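1. quick one, fold the following:
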Amino acid sequence: MSTDIFATLEIGMRVVLRYRLPVAEQGSAGEQFSDALGVLLAVNEEQVSVQTRTGQVSIERQSVTHAKEVPPAPQRRSRR
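-> So this is what the prediction gives:
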């Protein structure tokens, strides 16, 4: 069994990544982790890139603690 958390993910999949924040970016309440939700753009030995709703995010691969595929975003309902 592979221990690579990206082994089952493919470029173009909608994913969520949980990753450790650098000490300088940790929240005032002590938050140590953050999530990135979006389309997986690239994975290499050093970085992972995800296109989120607010823009492209590059994360150090060693900081990623969890990664999984998620279903497509729900359709927005029209206003009445």
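
2. the strands in this protein, which residues?
-> For the chain, the strands defined by DSSP state E cover 14-20, 33-43, 47-52, 55-60, 64-69.

3. the first one vs strand 33-43, what angle?
-> Spelled out, that is strand 14-20. Strand 14-20 runs at 130 degrees relative to strand 33-43, counting by axes from the mean of the first three to the mean of the last three C-alpha atoms, to 10 degrees.

4. just the angle for strand 14-20 relative to strand 55-60, thanks.
-> Computed by the same axes, to 10 degrees, the angle between strand 14-20 and strand 55-60 is 50 degrees.

5. and if you look at the second one?
-> With the same axes, to 10 degrees applied, the angle from strand 33-43 to strand 55-60 works out at 100 degrees.

6. and strand 33-43, which strands flank it?
-> Within its sheet, strand 33-43 is paired with strand 14-20 (antiparallel), strand 47-52 (antiparallel), according to DSSP bridges.

7. now swap in the fourth one and tell me
-> Sheet neighbours of strand 55-60, with direction, are listed as strand 47-52 (antiparallel) (DSSP bridges).

8. coming back round to it: go through the strands paired with strand 33-43 and name the closest to Pro71.
-> Ranking the strands paired with strand 33-43 by proximity to Pro71 (C-beta to C-beta) places strand 14-20 first, at 7.3 Å. In this view, the C-beta of every residue, glycine as well, is placed from N, C-alpha and C.

9. and the closest one, what's its mean pLDDT?
-> Strand 14-20 comes out with an average pLDDT of 97.

10. contacting residues around that strand?
-> Here strand 14-20 makes contact (C-beta atoms under 8 Å, 6 or more residues apart in numbering) with 9, 32-40, 48, 50, 59-60, 63-73.

11. ok, of those residues, which come out buried?
-> The neighbour count (16 or more other C-beta atoms under 10 Å) marks 9, 34, 36, 38, 40, 48, 50, 59, 63-64, 67 as buried among the contacts of strand 14-20.
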